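Asker: have a look at this prediction, sequence included:
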Amino acid sequence: MSIKSARTRVAPSPTGHMHLATARVALYDYLLAKKTGGQFILRIEDTDLKRTVPSTEQEIMDGLRWLGLEYDEGPDVGGKFGPYRQTERREIYAHHAKILMDHGHAYPCFCSRDRLEIARQEQMKRKENPHYDGTCRNLDPSEAARRITNGEAHTIRFKMPQEGVTVAHDHLRGDITTENKQLYDYVLMKSDGLPTYHLAAIVDDHEMEITHVLRGSEWLGTFPLHVNIVRAFGWDEPLWVHLSVFLKPSGKGKLSKRDTTLAMKDGYSVFIKDMNELGYTSEGVNNWIALMGWGVSKDDVMTVEQMIDRFTIDSLTPSPAAINFQKLDHFNATHIRLFTTEDLAARLKPYFTHNGLNVNDQVLLKIIPLLRERLVTLDDCLAFGAFFFQEDVTPNPEDLIAKGLDAKQSAQIAQRAYQIIAELPDLSHERCEPPLRAYVEESGLNPNQVFGILRVATTGQKVSPPLFESMEIIGKEKCLKRIKNALEILEKM
RNA sequence: GCCCCCAUCGUCUAGUGGCCCAGGACGAAGCCCUCUCAAGGCUUAAACCGGGAUUCGAAUUCCCGUGGGGGCACCA
């Protein structure tokens, strides 16, 4: 099947932290663009001056790059369809609003916010849908022009058809038919001279030659409006794809601020900026969000490159999806196991150094095979391997006592193990395991007791990577020192 | 209240009229492996929302319910 190249865009408004839903739209946009040899564009929809949080634009760009979704055009990379920030495109919107007015598809409205509010309340009292009542729709054009030249504050509204139906086509849902009387004359240009989403997005998508509009299903309500605006201009429509929303993990309701703080308490987040710090990889996150709203029948562990190969908008699903953090853990852990030793070492190093550990690169490379299949998140490396980079460990005295034994007996075991290890020419795991196992045999103890004491003594923790391999990397001298230290602790008990 | 959308295991999903007593993945349970923790292997439980209609035949088409979600701003 041959597909003509797609131009897609992700168009977030910089009003808050970049979250999962934005990332998913961006991913699908990116996949579609790359698959078809087209372009993926970042456009900043910053027309709401009151809600704009300046720092979030950078956060969005950083987030997309962290995910590996490099955009071909955007505010900081340019492109021939720029500018890519809507506040820098005012004349374009003003020009298009005028075209609409000249053709009778839009009109200036002088209604005050107060008047509108009162009208709305009366409508609600009468149990009617709160709609603009159309006061200015049929104003005499010359009077309207006079009031504008007088500098009277006004908005520009779209003249919606008042009868009949609008049929809008969504690629996943088919034709969506809406009675026009359900809609009303929406504001296109605000009194501050900036456009609303309805005008800005439609104009930009056309001007930027966007072929596929992927967006959240929260836009389904105004979808017929958008289609009417496109048709008023006489333009071709893009292919519309309304994605499902993300639901809370419980499946009850859409993800809210409250769920966000709840997630953080459990070590999870819905914000892209937090993912790295929490130890999640872009591979894990991409894989996770990709499959909420996109179904593959098998082999669901994929890199973005592999997704490009398999992605089609036809296989997107329209139903809402509850997010499931356990699945994020699974994908993250699976991708970690797929990384090469060198790659994983490079990714793990910052987590060690940011915790004040002095990382020896040779040692780091050696511990990777030991850590790899134990990590769910990258920062788990601290829990499993910090002791490799510490001079001393401080075991919990209680933990040094083996199950079923007392402190004295445990000390004897540690003492004997010390001797065995001290007599070895080196501490390779091949060399140290047999004599220690032989000792377990002849002593009548079970392996857990002996190796448990050694584990706690040499690593300082009850759970660690495999003991003999770990001891080899720690080194004979340091191991002996640590066992001696454990011995002293035991003797004092 | 009104409008729109959605509906397969707990969750994400495959399934486009017979290949389905419904497949995969996460999670759960059990067993194996085992120096801890993992990883890995094997196994088990677990779903077509309800009712009509079309058809020789429906998870798949249509209608009606029900449930869930979204929207109803000079916000996006």
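Answerer: Sure, I can see it.

Asker: all contacts plus neighbour counts: C-alpha atoms, from now on.
Answerer: Noted.

Asker: my read is that A:S428 contacts A:E472, right?
Answerer: Yes. Counting by CA atoms under 8 Å, A:E472 is a contact partner of A:S428 at 5.1 Å.

Asker: does A:S464 sit in a helix or strand, and which one?
Answerer: Here A:S464, judged by DSSP states H and E, is contained in no helix and no strand.

Asker: domain-wise, how is chain A divided?
Answerer: What automatic domain parsing lists as the domains of chain A is A:89-243, A:257-338, A:341-389, A:397-491.

Asker: output the ones you listed in TSV; the columns should cover distance to RNA strand B and mean neighbour count.
Answerer: Shown next, in TSV, are the domains of chain A (distance: least, CA to the nearest atom of the strand, whole Å; neighbours: other CA atoms under 10 Å):
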stretch	distance to RNA strand B	mean neighbour count
domain A:89-243	3	17
domain A:257-338	3	17
domain A:341-389	3	17
domain A:397-491	3	18
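
Asker: now distance to A:M61 and mean pLDDT too, for the ones you listed, in TSV please.
Answerer: TSV is the format used below for the domains of chain A (distance: least, CA to CA, whole Å; pLDDT from 0 to 100):
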stretch	distance to A:M61	mean pLDDT
domain A:89-243	18	94
domain A:257-338	11	94
domain A:341-389	21	97
domain A:397-491	38	94
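
Asker: distance to A:T47 for these - can I get that in TSV?
Answerer: TSV is the format used below for the domains of chain A (distance: least, CA to CA, whole Å):
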stretch	distance to A:T47
domain A:89-243	6
domain A:257-338	23
domain A:341-389	38
domain A:397-491	53
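
Asker: among these, which is nearest A:H19?
Answerer: For the domains of chain A, proximity to A:H19 was assessed by CA to CA; domain A:257-338 is nearest, at 4.3 Å.

Asker: so what would you say the end-to-end distance of that closest one is?
Answerer: 34 Å (CA to CA, to the nearest Å).

Asker: so how far does stretch A:253-267 reach from one end to the other?
Answerer: One end of stretch A:253-267 sits 21 Å from the other (CA to CA).

Asker: and it, how far from the chain's centre?
Answerer: Mean C-alpha position of stretch A:253-267 versus that of the full chain (CA atoms, centre = their mean, to the nearest Å) differs by 14 Å.

Asker: could you do stretch A:335-355 as well?
Answerer: Mean C-alpha position of stretch A:335-355 versus that of the full chain (CA atoms, centre = their mean) differs by 20 Å.

Asker: who's in contact with A:L424?
Answerer: By CA atoms under 8 Å, 6 or more residues apart in numbering, the contact set of A:L424 is A:R431, A:C432.

Asker: measure it to A:P434 for me?
Answerer: Going from A:L424 to A:P434 by CA to CA gives 11 Å.

Asker: equivalent analysis for A:G216, please.
Answerer: Taken as CA to CA, the span from A:G216 to A:P434 is 62 Å.

Asker: all helices of the stretch 1-150 of chain A, in order?
Answerer: Here the stretch 1-150 of chain A has its helices, by DSSP state H, counting those that start in this stretch, at A:20-36, A:55-67, A:90-102, A:113-125, A:141-149.

Asker: helices or strands next to the longest one in the packing?
Answerer: Just to be clear, that refers to helix A:20-36. For helix A:20-36, the packing partners by 3 or more CA pairs under 8 Å, 6 or more residues apart in numbering; DSSP states H and E come out as strand A:7-10, strand A:39-42, strand A:212-216, helix A:282-290, helix A:304-310.

Asker: now it: buried residues?
Answerer: Of the residues in helix A:20-36, A:20-35 count as buried by neighbour count, 16 or more other CA atoms under 10 Å.

Asker: nearest to RNA strand B, of these?
Answerer: Of all the buried residues of helix A:20-36, RNA strand B sits closest to A:T22, with 10.4 Å by CA to the nearest atom of the strand.

Asker: can you give me the strands for the stretch 101-250 of chain A?
Answerer: For the stretch 101-250 of chain A, the strands defined by DSSP state E, counting those that start in this stretch occupy A:106-109, A:155-158, A:165-170, A:174-179, A:187-189, A:212-216, A:239-243, A:246-247.

Asker: for the first one, the distance to its chain's centre please.
Answerer: Its chain's C-alpha centre and that of strand A:106-109 lie 40 Å apart, by CA atoms, centre = their mean.

Asker: ok, that strand: who's next to it in the sheet?
Answerer: Partners of strand A:106-109 in the sheet, by DSSP bridges, are strand A:155-158 (antiparallel).

Asker: how far does the partner strand sit from the chain's center?
Answerer: Distance of strand A:155-158 from its chain centroid, counting by CA atoms, centre = their mean, is 36 Å.

Asker: same check, this time on stretch A:310-318
Answerer: In this view, stretch A:310-318 has its centroid 19 Å away from the chain centroid, taken as CA atoms, centre = their mean.

Asker: so how far is the first residue of it from its last?
Answerer: By CA to CA, the extent of stretch A:310-318 from end to end equals 19 Å.

Asker: contact partners of that stretch?
Answerer: Residues outside stretch A:310-318 that contact it (CA under 8 Å, 6+ apart) are A:31-32, A:35, A:171-173, A:242-244, A:293-296.

Asker: what's the most distant pair in those?
Answerer: Using CA to CA, these span at most 22.8 Å, a distance reached by A:K35 and A:R173.

Asker: ok, which stretches of the stretch 351-493 of chain A are strands?
Answerer: Shown for the stretch 351-493 of chain A, no strands are assigned by DSSP E, counting those that start in this stretch.
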